[in-house]
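> Here is my input; please provide its structure:
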Amino acid sequence: MQQRRLGDINVSAIGLGAMPMSVRETNDEDLAVRTIHRALDEGVSLIDTADAYSVDEAAFGHNEELIARALRSYGAGSEHVLVATKGGHTREGTEWTLNGRPDYLRKACEGSLRRLGVEAIGLYQHHRPDPEVDYADTIGGLKELIDDGLIVGAGISNADPAQIELAREILGDGLVAVQNQYSPKFRSSQPELDLCDKYGIAFLPWSPLGGMSEAGQLGDRFSVFAEVGRTYDATAQQVALAWELAQSPVVIPIPGASRPESVTASAQAADLVLAPEDLERLDATA
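Below you'll find the predicted structure:
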């Protein structure tokens with residue numbers, strides 16, 4: 001699989017979004033482990049998670065623990081995988097809440113370190129801006145985590161252009177990734193993608209196929225992706241990932257998966273090169 005740059009390291013051009021393995025009411029852990037193993041077999045070297053990816057408050061940290069288990073059981077070959085996790089979302093029962101205070105981020109990061117079983121997290125991302133906390137204070141908390149060696153690189157998620165600029169001012173080269181929603185359905189993060197392209201910051205589209213409940217219907221909702229796919233003997237979903245990769249060399253989609261077959265299909269999209277005229281057709285689709 002082709003590689004892309006994330007900070008100072010190369011990672012696979014398409015990563016694995018592990019959220020679907022932990023947020024459903026019933027989660028098959030053995031199937032999830034097999035899915036992660038398949039991802040590694042396919043050359044995926046970036047796995048995205050978060051401490052809040054769980055069914056509820058009682059299971060907080062489930063996805064991180066699951067990934068750590070899968071990497072341990074895979075054995076040789078997993079040591080070069082970058083596990084990118086996030087903090088800043090909390091859970092109250094089944095509700096999603098926010099806490100962007102620097103002291104909370106440190107506590108959350110320490111919890112992630114324990115669950116992942118690492119001495120430093122390669123990419124630690126602030127999950128979502130907390131309107132009750134000054135964003136500069138939150139980003140300052142990330143800088144302290146870098147300075148103290150708890151994390152190697154910092155990322156921000158669900159950020160607007162002004163927040164990216166502010167984070168870059170505070171973190172400098174420590175800001176290595178921005179993770180925003182981006183897909184054929186959701187294109188309003190184009191300004192953030194363009195800014196990342198300008199600065200050479202990795203842009204990680206979350207829900208790049210439209211989300212857990214809608215990814216399977218992508219070709220129905222956006223028929224041009226299915227039409228283009230027939231030219232390449234590819235699915236609409238594979239075309240969507242290839243289209244996103246073509247937007248900029250900083251783009252690294254992280255499609256979610258809970259089955260090995262889904263991982264294989266997504267990984268194949270990394271080598272799908274679309275003709276300029278097809279890209280123009282897809283770009284024009286609203």
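
> in the stretch 51-200 of the chain, which segments are predicted with low confidence?
Scanning the stretch 51-200 of the chain for pLDDT under 70 picks out no residues.

> Please enumerate the strands of it.
82-87, 89-92, 95-98, 121-126, 151-157, 175-181 (DSSP state E, counting those that start in this stretch).

> Flag every buried residue along the second one.
Spelled out, that is strand 89-92. 89-91 (16 or more other Cβ atoms under 10 Å). Just so you know, the C-beta spots here come from the backbone N, C-alpha and C atoms, and that holds for glycine as well.

> Just send those residues back as a markdown table, with distance to D220 too.
Shown next, in a markdown table, are the buried residues of strand 89-92 (distance: Cβ to Cβ, whole Å):
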| residue | distance to D220 |
| --- | --- |
| H89 | 31 |
| T90 | 36 |
| R91 | 33 |
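
> so, if you compare these, which one comes nearest to F60?
Of all the buried residues of strand 89-92, F60 sits closest to R91, with 5.6 Å by Cβ to Cβ.

> Show me what the longest helix seen in the chain is packed against.
Ranked by residue count under DSSP state H, the longest helix found in the chain is helix 102-116. Packed against helix 102-116, as judged by 3 or more Cβ pairs under 8 Å, 6 or more residues apart in numbering; DSSP states H and E, are the following elements: helix 62-74, strand 82-87, strand 121-126, helix 135-147.

> which other helices and strands contact the third one?
Right, the one you point to is strand 121-126. Applying 3+ Cβ pairs under 8 Å, 6+ apart, we find strand 121-126 packed against strand 82-87, helix 102-116, helix 135-147, strand 151-157, strand 175-181.

> just the angle between it and helix 102-116, please?
Relative orientation of strand 121-126 versus helix 102-116 (axes from the mean of the first three to the mean of the last three Cα atoms, to 10 degrees): 140 degrees.

> ok, the buried residues of strand 89-92 vs D278, which is closest?
Checking those one by one against D278 (Cβ to Cβ), the nearest turns out to be H89, at 37.2 Å.

> what's the nearest residue to the closest one once chain neighbours are set aside in contact with, if anything?
Counting by Cβ to Cβ, 6 or more residues apart in numbering, A52 is the residue found nearest to H89 once chain neighbours are left out, at 3.9 Å. Contacts for A52 (Cβ atoms under 8 Å, 6 or more residues apart in numbering) come out as 60, 86, 89-91, 96, 127.

> Looking at these, spot the one nearest A13.
Minimum distance to A13 across the contacts of A52 is 20.9 Å, recorded for K86 (Cβ to Cβ).

> What is the burial count for that closest one?
24 (other Cβ atoms under 10 Å).

> next one: W96
Neighbours around W96, by other Cβ under 10 Å: 11.

> Who does the nearest residue in space to it that is not next to it in sequence form a beta bridge with?
Nearest residue to W96, sequence neighbours excluded (Cβ to Cβ, 6+ apart): H89, at 5.8 Å. Beta bridges link H89 to L98 when assigned by DSSP bridges.

> State the distance from H89 to M19.
The gap separating H89 from M19 is 11 Å, by Cβ to Cβ, to the nearest Å.

> Pop out the phi and psi values for the residue nearest to H62 when sequence neighbours are not counted.
Using Cβ to Cβ, 6+ apart and skipping residues adjacent in sequence, the residue nearest H62 is S54, 4.1 Å away. The phi/psi pair for S54 (degrees, to the nearest 10) reads phi -160, psi 170.

> right, and S54 touches G61 too?
Yes - at 6.7 Å, S54 counts as touching G61 under the criterion of Cβ atoms under 8 Å.

> ok so, going back, now the strands of the stretch 51-200 of the chain as TSV including distance to G43?
Below are the strands of the stretch 51-200 of the chain laid out as TSV (distance: least, Cβ to Cβ, whole Å):
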stretch	distance to G43
strand 82-87	13
strand 89-92	30
strand 95-98	32
strand 121-126	18
strand 151-157	21
strand 175-181	20
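
> The ones you listed: which one's closest to I9?
Among the strands of the stretch 51-200 of the chain, strand 82-87 sits nearest to I9 (Cβ to Cβ), with 6.7 Å.

> who touches the closest one?
So strand 82-87 is contacted by 6, 9, 11, 15, 45-52, 64, 67, 71, 104-105, 108-109, 112, 116, 118, 121-127, 155, 157, 177, 179, 204 (Cβ under 8 Å, 6+ apart).

> that older thread, name the nearest of the buried residues of strand 89-92 relative to A269.
Among the buried residues of strand 89-92, and counting by Cβ to Cβ, the member closest to A269 is H89, at 28.3 Å.

> All set now, cheers.
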